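Engineer: sequence first, then the predicted structure:
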Amino acid sequence: MRCVTLSWPVAVVLVLTHTCRGAPASRAAAGTVTGLHRGPIQNDLTLAAEYLERYYTLGRERTGRRRRSEPTFAAKVRDMQTFFGLNVTGSLDPATVEIMRTPRCGVPDVQEYSDQGSKRWTKSVISYSIGRYTSDMAPSTVDHLIGSALNVWGSASPLTFVRSFSHNADIMVDFVTREHGDSYPFDGPQGTLAHAYGPGTGIGGDTHFDDDEVWTTGSNGINLYLVAAHEFGHALGLSHSNNPESLMYPTYMKRNQHNLLSREDILNLNMLYGTRSVLPYHFSRPSWNSFYKPWHLSPRFPLFLQDKCNPNLSFDAVTTMGESTLFFKDNYLWIKHDQQCDTKEGPIKNFMPKIDSDIDAAYSVPKKSVVCLFKGHKFWTLRGSQVRGKPKPIHKFGFPKQVERLDAAVHVDSTGRTLFFAEHLYWSYDEDRRMMEELHPRNISEDFPGLNTSVSAAVHRDGFTHFFIGPLVLKYDHKRKQVVSADKANSWLGC
Ligand code: ZN
Ligand code: CA
Ligand code: ZN
(Lines give C-alpha, C1' and ligand atoms only; values in the text may rest on other atoms or scores of the structure.)
(Ligands and ions follow the chains in the order given, each with its own letter.)
Protein backbone atom coordinates (compact mmCIF):
# COMPACT_ATOMS: atom_id res chain seq x y z
CA MET A 1 0.00 0.00 0.00
CA ARG A 2 1.47 3.29 -1.05
CA CYS A 3 1.32 6.12 1.38
CA VAL A 4 -0.88 9.16 1.27
CA THR A 5 0.87 12.47 0.84
CA LEU A 6 -0.54 15.88 1.55
CA SER A 7 0.02 16.93 -2.03
CA TRP A 8 -2.96 14.87 -3.11
CA PRO A 9 -6.13 16.60 -4.10
CA VAL A 10 -8.61 16.66 -1.28
CA ALA A 11 -11.12 14.71 -3.32
CA VAL A 12 -8.75 11.79 -3.19
CA VAL A 13 -8.06 12.11 0.49
CA LEU A 14 -11.78 12.17 1.07
CA VAL A 15 -12.21 8.95 -0.84
CA LEU A 16 -9.71 7.24 1.39
CA THR A 17 -10.78 8.76 4.68
CA HIS A 18 -14.37 8.10 3.94
CA THR A 19 -13.89 4.52 2.91
CA CYS A 20 -11.73 3.60 5.86
CA ARG A 21 -14.56 4.59 8.19
CA GLY A 22 -17.75 4.24 6.22
CA ALA A 23 -17.62 1.62 3.55
CA PRO A 24 -16.93 -1.57 5.50
CA ALA A 25 -19.78 -0.76 7.88
CA SER A 26 -22.18 -0.01 5.11
CA ARG A 27 -21.22 -3.13 3.23
CA ALA A 28 -21.97 -5.26 6.29
CA ALA A 29 -25.30 -3.52 6.71
CA ALA A 30 -26.18 -4.10 3.07
CA GLY A 31 -25.49 -7.80 3.46
CA THR A 32 -27.72 -8.01 6.52
CA VAL A 33 -30.58 -6.32 4.79
CA THR A 34 -30.39 -8.55 1.73
CA GLY A 35 -30.13 -11.63 3.93
CA LEU A 36 -33.32 -10.80 5.78
CA HIS A 37 -35.23 -10.19 2.54
CA ARG A 38 -36.56 -6.89 3.73
CA GLY A 39 -38.84 -4.92 1.46
CA PRO A 40 -37.84 -2.60 -1.33
CA ILE A 41 -38.08 0.53 0.84
CA GLN A 42 -35.42 -0.77 3.18
CA ASN A 43 -33.26 -1.70 0.21
CA ASP A 44 -33.60 1.78 -1.20
CA LEU A 45 -32.61 3.22 2.17
CA THR A 46 -29.54 1.01 2.35
CA LEU A 47 -28.64 1.82 -1.21
CA ALA A 48 -29.07 5.53 -0.53
CA ALA A 49 -27.04 5.45 2.68
CA GLU A 50 -24.20 3.67 0.93
CA TYR A 51 -24.39 5.98 -2.07
CA LEU A 52 -24.42 9.15 0.03
CA GLU A 53 -21.55 7.89 2.16
CA ARG A 54 -19.44 7.18 -0.88
CA TYR A 55 -20.18 10.20 -3.02
CA TYR A 56 -21.68 12.83 -0.70
CA THR A 57 -19.58 12.43 2.47
CA LEU A 58 -22.51 11.26 4.60
CA GLY A 59 -21.71 10.30 8.19
CA ARG A 60 -17.94 10.49 8.30
CA GLU A 61 -17.84 11.00 12.05
CA ARG A 62 -15.03 9.35 13.98
CA THR A 63 -17.14 6.93 15.99
CA GLY A 64 -17.48 4.72 12.95
CA ARG A 65 -21.24 4.54 13.48
CA ARG A 66 -23.41 5.59 10.63
CA ARG A 67 -25.60 8.56 11.08
CA ARG A 68 -28.96 8.05 9.44
CA SER A 69 -30.84 10.61 11.47
CA GLU A 70 -32.49 13.66 10.05
CA PRO A 71 -31.58 16.23 9.05
CA THR A 72 -28.16 15.01 7.83
CA PHE A 73 -29.52 12.21 5.70
CA ALA A 74 -32.21 14.31 4.05
CA ALA A 75 -29.72 17.14 3.58
CA LYS A 76 -27.37 14.79 1.73
CA VAL A 77 -30.26 13.53 -0.41
CA ARG A 78 -30.99 17.16 -1.26
CA ASP A 79 -27.32 17.77 -2.12
CA MET A 80 -27.43 14.81 -4.45
CA GLN A 81 -30.73 15.91 -6.00
CA THR A 82 -29.35 19.40 -6.53
CA PHE A 83 -26.23 18.06 -8.20
CA PHE A 84 -28.25 15.95 -10.63
CA GLY A 85 -30.86 18.62 -11.29
CA LEU A 86 -33.70 16.54 -9.78
CA ASN A 87 -36.65 17.86 -7.79
CA VAL A 88 -35.07 18.77 -4.47
CA THR A 89 -37.37 16.90 -2.09
CA GLY A 90 -34.92 15.34 0.37
CA SER A 91 -36.78 12.05 0.00
CA LEU A 92 -35.99 8.91 -1.97
CA ASP A 93 -38.38 9.37 -4.87
CA PRO A 94 -38.12 7.06 -7.90
CA ALA A 95 -36.02 9.48 -9.99
CA THR A 96 -33.50 9.77 -7.16
CA VAL A 97 -33.29 6.02 -6.60
CA GLU A 98 -32.90 5.45 -10.33
CA ILE A 99 -29.79 7.61 -10.46
CA MET A 100 -28.44 5.93 -7.34
CA ARG A 101 -28.78 2.59 -9.12
CA THR A 102 -26.93 3.79 -12.22
CA PRO A 103 -23.33 2.56 -12.51
CA ARG A 104 -20.90 5.40 -12.01
CA CYS A 105 -17.43 6.67 -11.21
CA GLY A 106 -16.07 6.15 -7.69
CA VAL A 107 -14.85 9.70 -7.16
CA PRO A 108 -17.19 11.75 -4.89
CA ASP A 109 -19.31 14.57 -6.34
CA VAL A 110 -18.75 16.94 -3.44
CA GLN A 111 -15.66 18.25 -1.77
CA GLU A 112 -15.26 19.89 1.58
CA TYR A 113 -14.70 23.57 2.26
CA SER A 114 -11.06 22.81 2.86
CA ASP A 115 -10.71 21.82 -0.79
CA GLN A 116 -7.81 23.72 -2.20
CA GLY A 117 -9.02 23.52 -5.79
CA SER A 118 -7.78 21.42 -8.63
CA LYS A 119 -4.22 20.25 -8.76
CA ARG A 120 -2.41 19.81 -12.02
CA TRP A 121 0.70 18.18 -13.36
CA THR A 122 3.52 20.70 -13.52
CA LYS A 123 5.00 19.06 -16.61
CA SER A 124 3.76 18.48 -20.13
CA VAL A 125 4.98 14.97 -20.80
CA ILE A 126 3.16 12.46 -18.64
CA SER A 127 4.06 8.78 -18.50
CA TYR A 128 1.57 5.96 -18.14
CA SER A 129 1.90 2.26 -17.63
CA ILE A 130 -0.58 -0.59 -17.63
CA GLY A 131 0.00 -3.06 -14.78
CA ARG A 132 -2.74 -5.64 -14.35
CA TYR A 133 -4.91 -6.29 -17.43
CA THR A 134 -8.50 -7.47 -17.69
CA SER A 135 -9.19 -10.83 -19.25
CA ASP A 136 -12.29 -9.39 -20.94
CA MET A 137 -10.31 -8.41 -24.05
CA ALA A 138 -6.91 -8.89 -25.65
CA PRO A 139 -4.08 -6.92 -23.98
CA SER A 140 -3.36 -5.20 -27.29
CA THR A 141 -6.98 -3.96 -27.32
CA VAL A 142 -6.62 -2.61 -23.78
CA ASP A 143 -3.38 -0.89 -24.82
CA HIS A 144 -5.12 0.71 -27.76
CA LEU A 145 -8.18 1.88 -25.80
CA ILE A 146 -6.13 3.29 -22.91
CA GLY A 147 -3.84 5.16 -25.32
CA SER A 148 -6.84 6.52 -27.22
CA ALA A 149 -8.61 7.60 -24.02
CA LEU A 150 -5.54 9.57 -22.92
CA ASN A 151 -5.34 11.18 -26.33
CA VAL A 152 -8.87 12.51 -25.91
CA TRP A 153 -7.31 14.94 -23.43
CA GLY A 154 -3.92 15.16 -25.14
CA SER A 155 -5.48 16.41 -28.37
CA ALA A 156 -7.09 19.35 -26.53
CA SER A 157 -4.08 20.40 -24.45
CA PRO A 158 -0.30 20.69 -24.66
CA LEU A 159 -0.01 17.40 -22.76
CA THR A 160 1.74 14.41 -24.31
CA PHE A 161 1.30 10.91 -22.93
CA VAL A 162 4.19 8.50 -23.19
CA ARG A 163 3.81 4.77 -22.62
CA SER A 164 6.22 3.37 -20.07
CA PHE A 165 6.67 -0.14 -18.71
CA SER A 166 7.80 0.85 -15.24
CA HIS A 167 5.86 0.56 -12.00
CA ASN A 168 6.50 4.22 -11.26
CA ALA A 169 4.78 5.86 -14.21
CA ASP A 170 2.78 9.00 -13.46
CA ILE A 171 -0.47 7.27 -14.36
CA MET A 172 -0.51 3.59 -13.33
CA VAL A 173 -3.48 1.77 -14.86
CA ASP A 174 -4.73 -1.41 -13.18
CA PHE A 175 -7.74 -3.70 -13.46
CA VAL A 176 -8.48 -4.95 -9.96
CA THR A 177 -11.37 -6.24 -7.85
CA ARG A 178 -12.65 -5.62 -4.31
CA GLU A 179 -9.80 -4.75 -1.88
CA HIS A 180 -6.85 -3.76 -4.01
CA GLY A 181 -4.40 -2.00 -1.76
CA ASP A 182 -5.63 1.58 -1.65
CA SER A 183 -8.21 1.30 1.17
CA TYR A 184 -10.92 1.95 -1.36
CA PRO A 185 -12.28 -1.47 -2.34
CA PHE A 186 -14.46 -2.02 -5.37
CA ASP A 187 -17.97 -3.37 -4.99
CA GLY A 188 -18.41 -6.25 -7.45
CA PRO A 189 -20.48 -5.91 -10.64
CA GLN A 190 -22.19 -2.54 -11.29
CA GLY A 191 -22.09 0.28 -8.72
CA THR A 192 -18.63 1.80 -8.87
CA LEU A 193 -16.92 1.15 -12.21
CA ALA A 194 -13.54 2.81 -11.69
CA HIS A 195 -11.77 5.55 -9.81
CA ALA A 196 -8.72 7.74 -10.35
CA TYR A 197 -6.47 9.91 -8.24
CA GLY A 198 -5.69 13.51 -9.12
CA PRO A 199 -2.20 14.64 -10.12
CA GLY A 200 0.56 14.02 -7.61
CA THR A 201 3.38 11.71 -6.62
CA GLY A 202 2.88 8.09 -5.52
CA ILE A 203 -0.68 7.03 -6.14
CA GLY A 204 -1.47 10.44 -7.70
CA GLY A 205 -2.75 10.00 -11.27
CA ASP A 206 -3.29 6.26 -10.81
CA THR A 207 -6.42 4.86 -12.37
CA HIS A 208 -8.15 1.65 -11.26
CA PHE A 209 -10.88 -0.23 -13.11
CA ASP A 210 -13.22 -2.68 -11.36
CA ASP A 211 -12.52 -6.00 -13.10
CA ASP A 212 -15.84 -7.37 -11.85
CA GLU A 213 -17.43 -5.33 -14.64
CA VAL A 214 -17.71 -6.76 -18.14
CA TRP A 215 -15.38 -4.48 -20.09
CA THR A 216 -16.10 -4.16 -23.78
CA THR A 217 -15.22 -2.19 -26.87
CA GLY A 218 -18.88 -1.78 -27.83
CA SER A 219 -22.16 -1.07 -26.12
CA ASN A 220 -22.86 -4.39 -24.33
CA GLY A 221 -21.34 -4.32 -20.87
CA ILE A 222 -19.26 -1.33 -19.89
CA ASN A 223 -17.36 0.49 -22.61
CA LEU A 224 -13.73 0.73 -21.54
CA TYR A 225 -12.83 3.69 -23.76
CA LEU A 226 -15.67 5.83 -22.32
CA VAL A 227 -14.91 5.07 -18.69
CA ALA A 228 -11.14 5.42 -19.17
CA ALA A 229 -11.52 8.82 -20.85
CA HIS A 230 -13.65 10.00 -17.89
CA GLU A 231 -11.20 8.66 -15.30
CA PHE A 232 -8.21 10.23 -17.02
CA GLY A 233 -10.00 13.57 -16.62
CA HIS A 234 -9.63 13.04 -12.84
CA ALA A 235 -6.02 11.90 -13.29
CA LEU A 236 -5.39 15.30 -14.90
CA GLY A 237 -7.08 17.25 -12.11
CA LEU A 238 -10.69 17.68 -13.24
CA SER A 239 -13.64 17.08 -10.91
CA HIS A 240 -17.20 16.03 -11.62
CA SER A 241 -19.55 18.20 -13.63
CA ASN A 242 -23.32 18.20 -13.18
CA ASN A 243 -23.79 18.84 -16.90
CA PRO A 244 -24.74 15.56 -18.63
CA GLU A 245 -23.00 16.77 -21.78
CA SER A 246 -19.69 16.87 -19.94
CA LEU A 247 -17.49 13.80 -20.04
CA MET A 248 -16.96 14.51 -16.33
CA TYR A 249 -20.62 13.75 -15.48
CA PRO A 250 -20.34 11.05 -12.81
CA THR A 251 -22.79 8.39 -14.04
CA TYR A 252 -22.17 6.01 -16.91
CA MET A 253 -24.02 6.83 -20.11
CA LYS A 254 -23.65 6.17 -23.81
CA ARG A 255 -21.85 8.91 -25.69
CA ASN A 256 -20.71 9.87 -29.17
CA GLN A 257 -17.25 8.37 -29.10
CA HIS A 258 -15.93 10.63 -31.83
CA ASN A 259 -16.53 13.80 -29.87
CA LEU A 260 -16.23 13.08 -26.18
CA LEU A 261 -15.18 16.46 -24.81
CA SER A 262 -17.81 19.14 -24.27
CA ARG A 263 -16.92 22.81 -24.49
CA GLU A 264 -16.89 22.91 -20.70
CA ASP A 265 -14.42 20.01 -20.52
CA ILE A 266 -12.07 21.76 -22.94
CA LEU A 267 -12.32 25.06 -21.04
CA ASN A 268 -11.61 23.40 -17.71
CA LEU A 269 -8.70 21.48 -19.21
CA ASN A 270 -7.34 24.68 -20.73
CA MET A 271 -7.68 26.49 -17.41
CA LEU A 272 -5.27 23.92 -15.99
CA TYR A 273 -2.85 23.39 -18.85
CA GLY A 274 -3.38 26.04 -21.52
CA THR A 275 -4.30 25.11 -25.06
CA ARG A 276 -2.70 22.90 -27.63
CA SER A 277 -1.22 25.74 -29.68
CA VAL A 278 0.27 27.61 -26.72
CA LEU A 279 2.55 26.01 -24.24
CA PRO A 280 3.00 28.21 -21.20
CA TYR A 281 4.74 25.57 -19.16
CA HIS A 282 8.28 24.35 -19.08
CA PHE A 283 9.41 20.89 -18.19
CA SER A 284 9.91 20.45 -14.50
CA ARG A 285 11.76 17.17 -14.87
CA PRO A 286 15.17 17.46 -16.54
CA SER A 287 15.15 13.72 -17.23
CA TRP A 288 12.32 14.14 -19.69
CA ASN A 289 14.18 16.79 -21.67
CA SER A 290 16.80 14.40 -22.90
CA PHE A 291 14.21 11.72 -23.46
CA TYR A 292 11.98 13.89 -25.57
CA LYS A 293 14.24 16.49 -27.08
CA PRO A 294 12.70 16.92 -30.56
CA TRP A 295 9.56 18.26 -28.96
CA HIS A 296 11.58 20.98 -27.25
CA LEU A 297 12.54 22.36 -30.65
CA SER A 298 9.08 22.15 -32.15
CA PRO A 299 7.17 25.28 -33.17
CA ARG A 300 4.65 24.62 -30.42
CA PHE A 301 7.08 26.11 -27.93
CA PRO A 302 5.71 29.47 -26.76
CA LEU A 303 7.02 32.40 -28.74
CA PHE A 304 4.86 35.20 -27.45
CA LEU A 305 4.71 34.93 -23.67
CA GLN A 306 4.31 38.38 -22.17
CA ASP A 307 7.02 39.67 -19.86
CA LYS A 308 4.99 39.80 -16.70
CA CYS A 309 7.94 41.27 -14.76
CA ASN A 310 8.36 44.33 -16.97
CA PRO A 311 8.51 47.17 -14.38
CA ASN A 312 6.11 49.28 -16.46
CA LEU A 313 3.44 46.61 -16.71
CA SER A 314 -0.04 47.81 -15.84
CA PHE A 315 -3.31 45.89 -15.98
CA ASP A 316 -6.57 46.70 -17.75
CA ALA A 317 -8.69 44.81 -15.25
CA VAL A 318 -8.21 42.52 -12.25
CA THR A 319 -10.78 40.32 -10.56
CA THR A 320 -10.97 37.31 -8.32
CA MET A 321 -12.71 34.18 -9.64
CA GLY A 322 -13.17 31.47 -7.04
CA GLU A 323 -9.73 30.91 -5.57
CA SER A 324 -7.92 32.54 -8.48
CA THR A 325 -7.14 36.12 -9.42
CA LEU A 326 -7.38 37.12 -13.09
CA PHE A 327 -5.22 39.88 -14.59
CA PHE A 328 -6.19 41.24 -18.01
CA LYS A 329 -3.85 43.19 -20.28
CA ASP A 330 -4.67 43.84 -23.97
CA ASN A 331 -5.40 40.39 -25.42
CA TYR A 332 -3.57 38.55 -22.63
CA LEU A 333 -4.63 36.94 -19.36
CA TRP A 334 -2.73 35.72 -16.31
CA ILE A 335 -4.50 33.47 -13.79
CA LYS A 336 -2.93 33.19 -10.38
CA HIS A 337 -4.33 30.53 -8.06
CA ASP A 338 -4.21 31.43 -4.37
CA GLN A 339 -2.73 28.10 -3.34
CA GLN A 340 -0.39 27.45 -6.24
CA CYS A 341 2.93 29.13 -6.89
CA ASP A 342 2.78 29.11 -10.66
CA THR A 343 0.61 31.21 -12.94
CA LYS A 344 -1.44 30.15 -15.95
CA GLU A 345 -1.28 32.54 -18.85
CA GLY A 346 -2.10 32.99 -22.50
CA PRO A 347 -4.32 34.92 -24.89
CA ILE A 348 -7.71 35.66 -23.30
CA LYS A 349 -9.55 33.74 -25.99
CA ASN A 350 -7.72 30.55 -25.06
CA PHE A 351 -9.56 30.67 -21.75
CA MET A 352 -12.73 32.49 -22.86
CA PRO A 353 -13.31 31.86 -26.56
CA LYS A 354 -16.02 34.54 -26.85
CA ILE A 355 -13.74 37.33 -25.67
CA ASP A 356 -10.66 38.49 -27.55
CA SER A 357 -9.13 41.62 -26.06
CA ASP A 358 -9.24 44.90 -24.20
CA ILE A 359 -11.27 44.20 -21.10
CA ASP A 360 -11.79 47.56 -19.36
CA ALA A 361 -13.00 46.38 -15.98
CA ALA A 362 -13.94 43.21 -14.13
CA TYR A 363 -15.45 42.25 -10.80
CA SER A 364 -16.76 39.18 -9.02
CA VAL A 365 -19.51 38.66 -6.47
CA PRO A 366 -18.18 35.59 -4.64
CA LYS A 367 -21.45 34.78 -2.84
CA LYS A 368 -23.23 34.59 -6.20
CA SER A 369 -20.27 32.95 -7.98
CA VAL A 370 -20.66 35.55 -10.70
CA VAL A 371 -17.96 37.45 -12.57
CA CYS A 372 -18.69 40.40 -14.89
CA LEU A 373 -16.29 41.55 -17.59
CA PHE A 374 -16.67 44.98 -19.19
CA LYS A 375 -15.54 46.10 -22.61
CA GLY A 376 -16.70 49.46 -23.96
CA HIS A 377 -20.45 49.79 -23.41
CA LYS A 378 -20.98 46.03 -23.09
CA PHE A 379 -20.46 43.44 -20.40
CA TRP A 380 -20.38 39.65 -20.18
CA THR A 381 -21.45 37.51 -17.22
CA LEU A 382 -19.46 34.43 -16.25
CA ARG A 383 -20.65 31.60 -14.03
CA GLY A 384 -17.88 29.28 -13.00
CA SER A 385 -15.34 29.83 -15.73
CA GLN A 386 -17.90 29.99 -18.50
CA VAL A 387 -19.16 33.03 -20.37
CA ARG A 388 -22.97 33.00 -20.28
CA GLY A 389 -24.94 34.30 -23.25
CA LYS A 390 -24.34 37.42 -25.29
CA PRO A 391 -22.85 40.67 -23.95
CA LYS A 392 -25.36 43.15 -22.52
CA PRO A 393 -25.28 46.96 -22.49
CA ILE A 394 -23.70 48.49 -19.38
CA HIS A 395 -26.61 50.93 -19.15
CA LYS A 396 -28.53 48.05 -17.52
CA PHE A 397 -26.64 49.04 -14.38
CA GLY A 398 -28.12 52.52 -14.60
CA PHE A 399 -25.23 54.52 -16.05
CA PRO A 400 -26.12 57.71 -17.90
CA LYS A 401 -25.82 57.52 -21.70
CA GLN A 402 -22.59 59.56 -21.73
CA VAL A 403 -20.68 56.75 -20.03
CA GLU A 404 -19.11 54.87 -22.94
CA ARG A 405 -16.65 52.75 -21.01
CA LEU A 406 -15.43 52.05 -17.48
CA ASP A 407 -11.94 52.18 -16.02
CA ALA A 408 -12.40 49.69 -13.21
CA ALA A 409 -14.96 47.85 -11.10
CA VAL A 410 -14.76 46.23 -7.68
CA HIS A 411 -17.24 44.48 -5.41
CA VAL A 412 -16.87 45.01 -1.65
CA ASP A 413 -18.51 42.03 0.10
CA SER A 414 -18.82 43.73 3.49
CA THR A 415 -21.12 46.40 2.04
CA GLY A 416 -22.68 44.40 -0.79
CA ARG A 417 -21.84 47.30 -3.11
CA THR A 418 -20.03 47.28 -6.44
CA LEU A 419 -18.02 50.40 -7.20
CA PHE A 420 -17.58 51.46 -10.84
CA PHE A 421 -14.84 53.92 -11.80
CA ALA A 422 -14.75 56.07 -14.93
CA GLU A 423 -12.26 58.93 -15.22
CA HIS A 424 -12.50 61.02 -12.01
CA LEU A 425 -15.95 59.69 -11.01
CA TYR A 426 -17.31 56.61 -9.32
CA TRP A 427 -20.72 54.98 -8.94
CA SER A 428 -21.96 52.65 -6.19
CA TYR A 429 -24.27 49.82 -7.20
CA ASP A 430 -26.37 47.82 -4.71
CA GLU A 431 -26.09 44.17 -5.82
CA ASP A 432 -29.02 42.99 -3.70
CA ARG A 433 -31.47 45.66 -4.83
CA ARG A 434 -29.87 45.72 -8.29
CA MET A 435 -29.78 49.46 -8.57
CA MET A 436 -27.38 52.38 -8.43
CA GLU A 437 -27.28 54.21 -5.14
CA GLU A 438 -28.60 57.73 -5.05
CA LEU A 439 -26.31 60.76 -5.13
CA HIS A 440 -23.85 59.03 -7.45
CA PRO A 441 -21.59 59.52 -9.32
CA ARG A 442 -19.24 61.20 -6.92
CA ASN A 443 -15.65 62.38 -7.13
CA ILE A 444 -13.12 59.62 -6.47
CA SER A 445 -10.70 61.94 -4.70
CA GLU A 446 -13.35 63.20 -2.27
CA ASP A 447 -14.38 59.78 -1.01
CA PHE A 448 -11.07 57.95 -1.40
CA PRO A 449 -8.41 60.21 0.10
CA GLY A 450 -5.06 59.44 -1.51
CA LEU A 451 -6.60 58.49 -4.86
CA ASN A 452 -6.36 61.62 -6.91
CA THR A 453 -6.22 60.06 -10.33
CA SER A 454 -8.20 57.68 -12.51
CA VAL A 455 -7.99 53.97 -11.72
CA SER A 456 -6.71 51.25 -14.12
CA ALA A 457 -8.14 48.27 -12.26
CA ALA A 458 -9.40 47.34 -8.82
CA VAL A 459 -9.99 44.18 -6.84
CA HIS A 460 -11.23 43.44 -3.32
CA ARG A 461 -9.28 40.85 -1.36
CA ASP A 462 -8.59 40.05 2.26
CA GLY A 463 -10.75 42.93 3.48
CA PHE A 464 -8.98 45.61 1.45
CA THR A 465 -9.62 47.18 -1.93
CA HIS A 466 -6.53 47.21 -4.11
CA PHE A 467 -6.43 49.98 -6.71
CA PHE A 468 -4.14 49.43 -9.68
CA ILE A 469 -2.91 52.76 -10.97
CA GLY A 470 -0.49 52.38 -13.88
CA PRO A 471 2.37 50.13 -12.74
CA LEU A 472 1.48 50.57 -9.04
CA VAL A 473 -1.05 48.92 -6.76
CA LEU A 474 -2.41 50.79 -3.70
CA LYS A 475 -3.94 48.92 -0.78
CA TYR A 476 -6.92 50.89 0.49
CA ASP A 477 -8.49 50.50 3.94
CA HIS A 478 -12.19 51.46 3.81
CA LYS A 479 -12.53 51.79 7.59
CA ARG A 480 -9.56 54.12 7.99
CA LYS A 481 -10.33 55.78 4.64
CA GLN A 482 -6.70 55.78 3.60
CA VAL A 483 -4.09 54.08 1.43
CA VAL A 484 -2.13 51.82 3.76
CA SER A 485 0.56 50.55 1.39
CA ALA A 486 1.81 50.66 -2.20
CA ASP A 487 3.61 48.09 -4.30
CA LYS A 488 4.50 47.24 -7.91
CA ALA A 489 1.39 46.01 -9.73
CA ASN A 490 3.15 42.87 -10.97
CA SER A 491 4.28 41.94 -7.46
CA TRP A 492 0.97 40.07 -7.50
CA LEU A 493 2.38 37.83 -10.22
CA GLY A 494 5.42 37.06 -8.14
CA CYS A 495 7.76 39.69 -9.65
ZN1 ZN B 1 -15.50 10.56 -12.05
CA1 CA C 1 -18.42 -2.28 -9.45
ZN1 ZN D 1 -8.23 1.86 -6.26
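Structural biologist: Yep, it's here. Ligands and ions are numbered 1, 2, ... in the order given.
Engineer: run through the neighbouring helices and strands of the one helix or strand A194 maps to.
Structural biologist: Using DSSP states H and E, the element containing A194 is strand 192-196. Contacts defined by 3 or more C-beta pairs under 8 Å, 6 or more residues apart in numbering; DSSP states H and E place strand 192-196 against strand 104-105, strand 207-210, helix 224-235. Using the backbone N, CA and C atoms, a C-beta is placed for each residue, glycine as well.
Engineer: can you report the mean pLDDT over the residues of it?
Structural biologist: Averaged over strand 192-196, pLDDT sits at 97.
Engineer: next: stretch 453-460.
Structural biologist: Stretch 453-460 comes out at a mean pLDDT of 91.
Engineer: report the buried residues of that stretch.
Structural biologist: Neighbour counts over stretch 453-460 (16 or more other C-beta atoms under 10 Å) mark V455, S456, A457, A458, V459, H460 as buried.
Engineer: my guess is the third one contacts L326, does it?
Structural biologist: If I follow you right, that is A457. No: look at A457 against L326 with C-beta atoms under 8 Å: they stay out of range, at 10.3 Å.
Engineer: who touches both of the two?
Structural biologist: Residues touching both A457 and L326 comprise A317, V318, A362, with contact defined as C-beta atoms under 8 Å, 6 or more residues apart in numbering.
Engineer: which of those fall within strands?
Structural biologist: Judged by DSSP state E, those include A317, V318, A362 as members of strands.
Engineer: put together CSV for those, with neighbour count, distance to ligand 3 and pLDDT on each row.
Structural biologist: Putting these into CSV (neighbours: other C-beta atoms under 10 Å; distance: C-beta to the ion, whole Å; pLDDT from 0 to 100) gives the following:
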residue, neighbour count, distance to ligand 3, pLDDT
A317, 27, 44, 96
V318, 30, 41, 97
A362, 30, 41, 97
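Engineer: now the protein against ligand 1: closest residue?
Structural biologist: C105 (2.9 Å; C-beta to the ion).
Engineer: enumerate the residues of the chain near ligand 1.
Structural biologist: Residues of the chain lying close to ligand 1 by C-beta under 5 Å from the ion are C105, V107.
Engineer: let me see the ranges of the helices in the chain.
Structural biologist: 10-21, 23-35, 40-56, 72-83, 94-101, 139-154, 224-235, 263-273, 286-291, 293-296, 348-351, 444-447 (DSSP state H).
Engineer: just give the nearest non-adjacent residue to Y252, would you?
Structural biologist: In this structure, Y252 finds its nearest non-sequential neighbour in P103, 4.5 Å apart by C-beta to C-beta, 6 or more residues apart in numbering.
Engineer: looking at the buried residues of stretch 453-460, which are in strands?
Structural biologist: The strands, defined by DSSP E, take in A457, A458, V459, H460 from the buried residues of stretch 453-460.
Engineer: and the closest residue to the second one other than its chain neighbours, what does it touch?
Structural biologist: Computed as C-beta to C-beta, 6+ apart, the closest residue to A458 that is not its neighbour in sequence is V410, at 3.9 Å. Taking C-beta under 8 Å, 6+ apart, we find V410 in contact with Y363, T418, L419, A458, V459, H460, T465.
Engineer: from the residues you listed, pick the one nearest ligand 3.
Structural biologist: Once C-beta to the ion is applied, the member of these that ends up nearest ligand 3 is V459, at 41.2 Å.
Engineer: now the contacts of V410 as a markdown table including distance to A489?
Structural biologist: What follows is these, written out as a markdown table (distance: C-beta to C-beta, whole Å):
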| residue | distance to A489 |
| --- | --- |
| Y363 | 17 |
| T418 | 22 |
| L419 | 19 |
| A458 | 12 |
| V459 | 11 |
| H460 | 16 |
| T465 | 15 |
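Engineer: would you confirm that the residue nearest to Y252 contacts A194?
Structural biologist: No: assessed by C-beta under 8 Å, P103 is found out of contact with A194, at 9.8 Å.
Engineer: which one's more surrounded, the two?
Structural biologist: More crowded of P103 and A194, by other C-beta atoms under 10 Å: A194, with 27 against 17.
Engineer: right, and that one touches D206 too?
Structural biologist: No: A194 lies out of contact with D206 (C-beta under 8 Å); the separation is 11.1 Å.
Engineer: closest one to ligand 2 among the helices and strands packed on strand 192-196?
Structural biologist: Nearest of the helices and strands packed on strand 192-196 to ligand 2, taken as C-beta to the ion: strand 207-210 at 4.0 Å.
Engineer: next, the contact list for D430, please.
Structural biologist: Residues near D430 by C-beta under 8 Å, 6+ apart: G416, R417, M436, E437.
Engineer: distance check, the first one against ligand 2.
Structural biologist: Using C-beta to the ion, to the nearest Å, we find G416 at a distance of 48 Å from ligand 2.
Engineer: tell me the contacts of that residue?
Structural biologist: Going by C-beta under 8 Å, 6+ apart, G416 touches D430, E431, D432.
Engineer: what's around E264, how many residues?
Structural biologist: 18.
Engineer: which residue packs closest to it, ignoring adjacent ones?
Structural biologist: Excluding its sequence neighbours, the residue lying closest to E264 (C-beta to C-beta, 6+ apart) is S246, at 5.1 Å.
Engineer: show me what contacts the residue in the stretch 301-450 of the chain that ligand 2 sits nearest to?
Structural biologist: Sorted by distance to ligand 2 under C-beta to the ion, the residues of the stretch 301-450 of the chain start with G384, at 30.4 Å. Counting by C-beta under 8 Å, 6+ apart, G384 makes contact with S369.
Engineer: got a pLDDT number for it?
Structural biologist: Looking at G384, its pLDDT is 70.
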